[in-house]
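Asks: below is the sequence, then the predicted model.
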Amino acid sequence: MWKFLHKLASPPHFYRIAENMLPWFAFPGLLLVGYGVYAGLFLAPPDYQQGDAFRIIYVHVPAAYLSMMAYMIMAISAGIGLIWRMKLAHAVSAAAAPLGAWFTFLALATGSIWGRPMWGTWWEWGDPRLTSELVLLFLYLGYMALRNAIEDTTKADRASAVLALVGAVNVPIIHFSVEWWSSLHQGPTLVKKGGPAMDTAMLYPLLAMIFGFTLLFGALLLRRVRTEVLYRERRKRWVRDMILASTGGSK
Amino acid sequence: MSALSMGSYGAYVWGCFALTAAVLVICEWRARKRHKIVYRDIEVRVKALGDTE
């Protein structure tokens, strides 16, 4: 196991293996999302309180869950890179940030659109869930701005890793905000004592969307990490050899 | 028709699904574009080095 992980952490090996892994994430992800969209929009019954507006849950929940998961991936890999100086870990961290920012934007936007007919407002500044999710978006943007501001990759890795680790404190705040403080946002639906508070006709499409989005996120992350690895290793011999081999040149 | 109107919430529901699809397409497109740019830059540099060697 350790031997496999050690080999996987090698940039040339990762670059090659990630290309082969991509379809294994992308195609099942697309199938699950396809089923989730169809079942969520057309098969699941309307909610007894929210009517058809509840169907926004099928895109809002996966986006919100991935916005936090992407941050955890970013912070954990930044920590690994900082402690063990693993090059690939910093590449993962840098690649996860833009994806996390997009999914956070999506969670905020779909939540706001859902809030308009249900709460009568697009946004509520005093709400802890909404505000802490917005802080998450600013953390992603700050992380990316910090990376871009420092030209030296090693220094940028270290500085942004510290920011990523400090900002990780916001993730449990987002998750538990609806339990700790009074909020417009509804409480946990899936992860709660006594099991999910949903009928299976509504639950299965949601689970399909969550797993499908996770796989698609995995595919996007793999693609971005490959690019990050290629950029960081651009002066290495294996990159030169690979490019010469692909263009039919000699070494 | 009822699927389109979504019980008068059609604009909100379809708007959210359309936005999600757009974000996923943008993420994929940007990831591919960035890889192509990085790869091409390295390719040009490697070829230039090869010509001078």
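Replies: That came in fine, so what should we check first? Not measured: the values here are computed from a predicted model. Numbering: from 1, shown residues only, chains lettered A, B, ... in the order given.

Asks: show me the contacts for A:Pro117.
Replies: A:Ala53, B:Tyr9, B:Tyr12 (C-beta atoms under 8 Å, 6 or more residues apart in numbering or on different chains). In short, each C-beta sits where N, CA and C put it, glycine included.

Asks: residues in contact with the residue lying closest to the second one once chain neighbours are set aside?
Replies: I take that to be B:Tyr9. Distances taken as C-beta to C-beta, 6 or more residues apart in numbering or on different chains place A:Ala53 nearest to B:Tyr9, at 4.0 Å, with adjacent residues excluded. With contact taken as C-beta under 8 Å, 6+ apart, A:Ala53 is in contact with A:Asp47, A:Trp114, A:Pro117, A:Met118, B:Met6, B:Gly7, B:Tyr9, B:Tyr12, B:Val13.

Asks: just the pLDDT at A:Ala53, thanks.
Replies: For A:Ala53, the pLDDT comes out at 93.

Asks: that one and B:Ser5, how far apart?
Replies: To B:Ser5, A:Ala53 is 12 Å away according to C-beta to C-beta, to the nearest Å.

Asks: do A:Ser182 as well
Replies: 34 Å.

Asks: now A:Leu216
Replies: 29 Å.

Asks: of these two, who's got more company?
Replies: Taking neighbours as other C-beta atoms under 10 Å in any protein chain shown, A:Leu216 and B:Ser5 compare with A:Leu216 leading, 22 against 13.

Asks: check contacts around the closest residue to the more buried one other than its chain neighbours.
Replies: Leaving out its chain neighbours, the residue that sits closest to A:Leu216 by C-beta to C-beta, 6+ apart is A:Gly29, at 3.9 Å. Neighbour list for A:Gly29: A:Gly212, A:Phe213, A:Thr214, A:Leu215, A:Leu216, A:Gly218, A:Ala219 [criterion: C-beta under 8 Å, 6+ apart].

Asks: so which of those residues wins on neighbours?
Replies: That'd be A:Phe213 among the contacts of A:Gly29, by other C-beta under 10 Å, with 26 neighbours.

Asks: alongside chain A, which residues does chain B contribute?
Replies: B:3, B:6-7, B:9-10, B:12-13, B:15-17, B:19-20, B:23-24, B:26-28, B:30-32, B:34-35, B:38-39, B:41-43, B:45-47, B:49-50 (C-beta under 8 Å from any C-beta of the partner chain).

Asks: just the buried ones among those, please.
Replies: B:6, B:9-10, B:12-13, B:16-17, B:19-20, B:23-24, B:27, B:30-31, B:34-35, B:38-39, B:42-43, B:46 (16 or more other C-beta atoms under 10 Å in any protein chain shown).

Asks: tell me what whichever strand or helix holds B:Ala48 is packed against?
Replies: If you go by DSSP states H and E, B:Ala48 is part of helix B:10-52. Secondary-structure packing of helix B:10-52 (3 or more C-beta pairs under 8 Å, 6 or more residues apart in numbering or on different chains; DSSP states H and E): helix A:57-84, helix A:87-119, helix A:200-232, helix A:237-247.

Asks: how about A:Met209: what's its closest non-neighbour residue?
Replies: Using C-beta to C-beta, 6+ apart, the closest residue to A:Met209 is A:Gly36 (3.6 Å).
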